[in-house]
Each structure stands twice: as C-alpha cells, then as structure tokens.
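[1] sequence below, structure please.
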Amino acid sequence: MQTTIKSPVSFAGIGLHTGHPVRATLRPAAAEYGIWFRRADLSDVDTLIAARWDSVDPMDRCTRLSNASGVSVSTVEHVMAALAGCGIHNAIVDVDGPELPVLDGSAAGFVSAIVARGLRKLDAPVRVLRIVKPVEVREGEGWARLDPADSLEIDFTIDFPDEAIGRQQKRLDMANGAFVRELCAARTFGRLSDVEMLRANGLARGGSLDNAIVVDGGRVLNPGGLRHEDEPVRHKMLDALGDLSLAGAPLIGRYTGHRAGHALTNRLLHAVFAQPGATRMETCDADMARRLPGMGVRRADVPVLARAA
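    Numbers count the residues shown, from 1 in each chain. Down below sits the predicted model:
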C-alpha cells in the first residue's frame with residue numbers, strides 16, 4: 001500500500017549555495033498525491049512544484065526543480081533520496097527559500113526524522129515503473145544506464161585524481177533498508193580547489209567542513225575524517241537514488257553510473273520516457289513490495305535512533 005509520513009516534521013539549516021538560513025517542513029499527503037514542493041515564502045504566484053523528472057532544470061552540482069511560473073527549489077536530491085529510501089510515496093515539502101537546508105551534507109537528518117515519526121499506510125496500491133529495455137546516455141567520459149532487473153540496484157563508479165578519493169566503485173540492491181544502513185549518512189564532497197573556485201564566483205556560500213567532505217590531494221580536511229572509506233561513491237549513489245525517484249513512481253531496474261552527475265541521470269530519465277516500450281507500469285504484489293527501497297527499514301538501521309533506543 002502507498003504511504004505518507006504520520007505527522008509533520010521540520011528541518012532548519014542553511015542553503016548550501018546561498019548560505020542563507022532556510023526551514024523546510026515535510027507534511028503528510030493523501031494517496032495518489034505524489035511528492036510536491038511548495039515555496040512557503042512566496043505569494044501571488046503558483047508555489048507548487050512537482051517532484052518529477054520533467055520539472056528539472058539541468059545542473060551539475062545539484063538538482064533544481066521549477067514550475068511553469070518560474071518558481072524553483074534546488075538541492076532537492078537528499079530529501080528525495082530519504083523519501084524514496086524510507087518508502088514514502090506521498091508528501092508535500094514546504095520550504096521558505098529557494099533551496100533545501102543542506103543539514104550535514106547527507107540524508108541522515110531527513111531519514112532519522114522520517115523513521116522516528118513513522119509512516120501511515122494509505123488505501124491505494126503502489127505502482128512501479130519496471131525497466132524492460134536497456135537505455136543509456138553518455139557525455140564525455142561519463143555515462144549512465146538503466147537495465148532490466150528484479151529490484152532497484154545502483155552500481156556507481158567514480159574516478160578522481162585526488163589520492164584521498166581516487167577510483168571507487170560500489171553496487172547495492174536497494175531492498176531491505178539498504179539505503180538507510182549503507183548510504184544515507186554519506187556526505188557530499190568536493191576538492192579544495194573547486195570549493196575555492198565556486199566561492200570566488202559567489203557559489204557554495206553555505207559550504208563548510210560541517211556539511212561537506214573537502215579533500216586536498218591525499219588529505220581529507222575534515223577533522224573527523226570519513227564515515228566510510230568509500231564515502232564519496234556512497235554519496236554519489238545517494239544522489240542517484242534521489243534523482244531516480246523523480247521518475248514519478250518507484251523504479252525496478254539496474255542503474256549503472258560511471259562518472260555521472262545530476263544532469264546526466266536526468267538525461268537518462270528523459271531518454272527512458274522518450275523510448276516507447278522502455279518501461280512498463282505494474283501494480284505491486286507482496287513479493288515485489290518486499291523488494292522496494294523503503295521496505296524493511298527499522299529504527300535500529302538509523303545510527304542516531306539506535307543509540308537513543
């Protein structure tokens with residue numbers, strides 16, 4: 001059955017790109033509503049923005065959604081990954097600025113709050129999009145692909161010249177709470193030279209060692225180091241789940257990304273929906289439901305909640 005969050009929960013922080021304080025509130029929604037963002041700071045304009053692949057403004061450093069009135073909200077990928085990874089199908093996200101709070105640079109804060117609140121089942125079946133034909137897009141050295149599979153799998157490879165990152169590859173089946181256990185705490189990352197360039201151009205004003213991993217050659221500059229030896233590739237997988245969740249329904253297929261980013265994953269969704277017969281809509285039976293990312297999530301899977309138990 002479809003789900004929503006049991007009760008509203010709010011998040012406060014700063015925007016990664018603007019550096020301004022921002023607050024977001026995740027609210028329950030009815031069956032078949034889907035996921036929508038709403039700009040609570042605006043009036044006299046359409047403030048609702050659909051969390052869908054065809055609402056995306058292509059960007060490399062984050063995912064930004066906009067509506068026909070030009071109202072937008074950016075850095076939605078972490079909360080979208082949390083919603084998908086916790087099995088929420090319907091919700092509205094109120095935000096009082098142009099981007100979501102970055103929190104600690106991962107999805108852990110969103111996940112912890114969602115799991116602590118709990119989910120409410122709704123009287124409607126879950127429908128999934130099954131990939132039935134391979135689809136691939138390429139750009140330079142990067143490529144992304146979706147293939148048929150029995151569940152949602154993510155296989156990601158990154159390759160950076162910095163010794164602190166290097167080449168990393170990881171593959172996970174997203175079933176049975178794997179996202180919550182393995183990926184949700186992985187933080188966004190950047191190279192010191194890139195961070196300095198972005199700030200010189202008025203970008204990433206809210207970025208700090210409190211909400212991003214920063215590397216310089218072979219050094220990790222964060223005092224606490226990495227949460228996982230392969231934290232960077234785990235974060236890219238987190239981003240991929242968030243971006244894939246914009247398909248409009250849970251995907252059943254294998255996503256493979258090689259040096260891929262937000263824009264390339266969105267191009268892949270465009271290619272999927274442009275190819276006749278690449279997907280098939282199916283209603284979940286019990287066996288299929290068990291293979292969806294949000295099934296099997298427990299409080300003990302979230303480290304902060306496990307410690308508080």
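[2] contacts, neighbours, all on C-alpha from now
    Noted.
[3] could I get the full set of strands for the stretch 201-309 of the chain?
    Under the criterion DSSP state E, counting those that start in this stretch, strands of the stretch 201-309 of the chain are mapped to 213-216, 219-220, 251-252, 254-258, 279-283.
[4] out of those strands, which one sits most buried?
    Of all the strands of the stretch 201-309 of the chain, strand 251-252 carries the top mean neighbour count, a mean of 26, counting by mean count of other Cα atoms under 10 Å.
[5] run a quick neighbour tally on the residue lying closest to residue 30 once chain neighbours are set aside.
    Residue nearest to residue 30 in three dimensions, not counting chain neighbours: residue 90, with 6.5 Å by Cα to Cα, 6 or more residues apart in numbering. By the measure other Cα atoms under 10 Å, the count of residues near residue 90 is 21.
[6] for residue 90, give me the pLDDT.
    Confidence at residue 90, expressed as pLDDT, is 98.
[7] for residue 112, same thing?
    We note a pLDDT of 93 for residue 112 in this prediction.
[8] ok, it to residue 87 distance?
    Residue 112 is 13 Å from residue 87, where distance means Cα to Cα, to the nearest Å.
[9] adjacent strands (with direction) for the helix or strand harbouring residue 27?
    Element membership for residue 27, per DSSP states H and E: strand 21-28. Each strand that pairs with strand 21-28, with its direction, by DSSP bridges: strand 9-14 (antiparallel), strand 91-95 (antiparallel).
[10] pull the residues that contact the last one.
    Defining contact as Cα atoms under 8 Å, 6 or more residues apart in numbering, one finds that strand 91-95 is touched by 4-5, 22-30, 33-41.
[11] let's go with 10 Å and repeat that
    Applying Cα atoms under 10 Å, 6 or more residues apart in numbering, the contact partners of strand 91-95 are 3-5, 8-12, 22-42, 47-51, 73, 76, 79, 83, 100-101.
[12] can you turn the buried part of these into a PyMOL selection?
    Selecting only the buried entries of these in PyMOL, with 16 or more other Cα atoms under 10 Å as the criterion:
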select buried, resi 3+4+5+9+11+22+23+24+25+26+27+28+29+30+31+32+34+35+36+37+38+39+40+47+48+49+50+51+73+76+79+83+100+101
